[in-house]
Each structure stands twice: as structure tokens, then as C-alpha cells.
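A.B. asks: Model the following, please.
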Amino acid sequence: MALARSQKGLSLLGWLVVLALVAFFASVAFKMLPHYMDYLSIEKAITSVENDKNLDVRTVGDFYSHIDKSMQINSIRDLNSRDAIEIKLQDGDFQVHLKYEKREPLIQNLDLVAKFDKEFRVRAK
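C.D. replies: Model prediction:
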């Protein structure tokens, strides 16, 4: 029983390993979270065309203009809407394909990669 009493917690090395793991995952999260927030903002701008009655989006050019304004409002400056979004007008509905990837350097030649690929069908007004 004397052995069980002496083992009360992590050693200094154990705490350093735990701290290193927490720091690594926090670093990854802080580097990738802004990209996911940008993606969610763009997704919201795309779906708002159908949901917001005040928007007057009737053509593909109007749609791109709406997306560009939304990206400017949300401070998304490192992404070109024409490169990341493909919009087609088919059967009275907009077919929107959002596809791009973002790379964030992690350690020397290792990168974190986030790939976004989603298709939307938005009703035209």
C-alpha cells in the first residue's frame, strides 16, 4: 500500500507532454478556424439569396455581385469569388458549386489543408 500512496499524479515529464499536446492542437485550431469561419460566411451568403426577400438577384452577375459584397463585409480578402464559386442558371434555379482549398503552414514543409466542396441549388426569384 505504500506504493499506491506515493503515486499521486503526473510527473514533470508527463505534464510537459500534456502541455505540448494541448499547445499543438490549439495551434492547429487557431490556424484553421478562420478558414472555416470564412467558408460558413460564404455558405450563408449563398443561401441568403433564396431566403432574403429584399435581395433582387436575377442573373448570374447579380449573384456574383452579392457574393462579392458579402465577402467584402465579412473581410474575406484572400479568396477570389470567380475562382472559388461556379454559378449556372438552369431551369430557373441557380446551380452554385463552391469549391476551393486553403493551405496553412504548420511546421517547415508540413501544411494543414482544408478542402471545401459543396453544391447548392438556389431558387431564382
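
A.B. asks: Quick one, grab the pLDDT at residue 56.
C.D. replies: Residue 56 is assigned a predicted lDDT (pLDDT) of 85.

A.B. asks: where's it relative to residue 68, distance?
C.D. replies: 15 Å (Cβ to Cβ, to the nearest Å). Every residue, glycine included, has its C-beta placed from N, CA and C.

A.B. asks: and if you look at residue 85?
C.D. replies: To residue 68, residue 85 is 10 Å away according to Cβ to Cβ.

A.B. asks: does residue 112 count as helix, strand or coil?
C.D. replies: The three-state assignment at residue 112 reads strand, by DSSP: H, G, I helix; E, B strand; the rest coil.

A.B. asks: Could you list which residues are in contact with it?
C.D. replies: Residue 112 makes contact with 28, 31, 32, 103, 104, 105, 106, according to Cβ atoms under 8 Å, 6 or more residues apart in numbering.

A.B. asks: Neighbour count for residue 56 and residue 68, which is higher?
C.D. replies: Neighbours per residue (other Cβ atoms under 10 Å) separate residue 56 from residue 68, with residue 68 holding more: 16 against 9.

A.B. asks: and the more buried one, what helix or strand is that in?
C.D. replies: Element membership for residue 68 (DSSP states H and E) is helix 60-73.

A.B. asks: Now that helix: buried residues?
C.D. replies: 62, 63, 66, 67, 68, 70, 71 (16 or more other Cβ atoms under 10 Å).

A.B. asks: Going by distance to residue 12, which of those residues wins?
C.D. replies: Nearest to residue 12 out of the buried residues of helix 60-73 is residue 71 (Cβ to Cβ; 48.3 Å).

A.B. asks: Would you confirm that the closest one contacts residue 79?
C.D. replies: Yes: assessed by Cβ atoms under 8 Å, residue 71 is found in contact with residue 79 at 6.9 Å.
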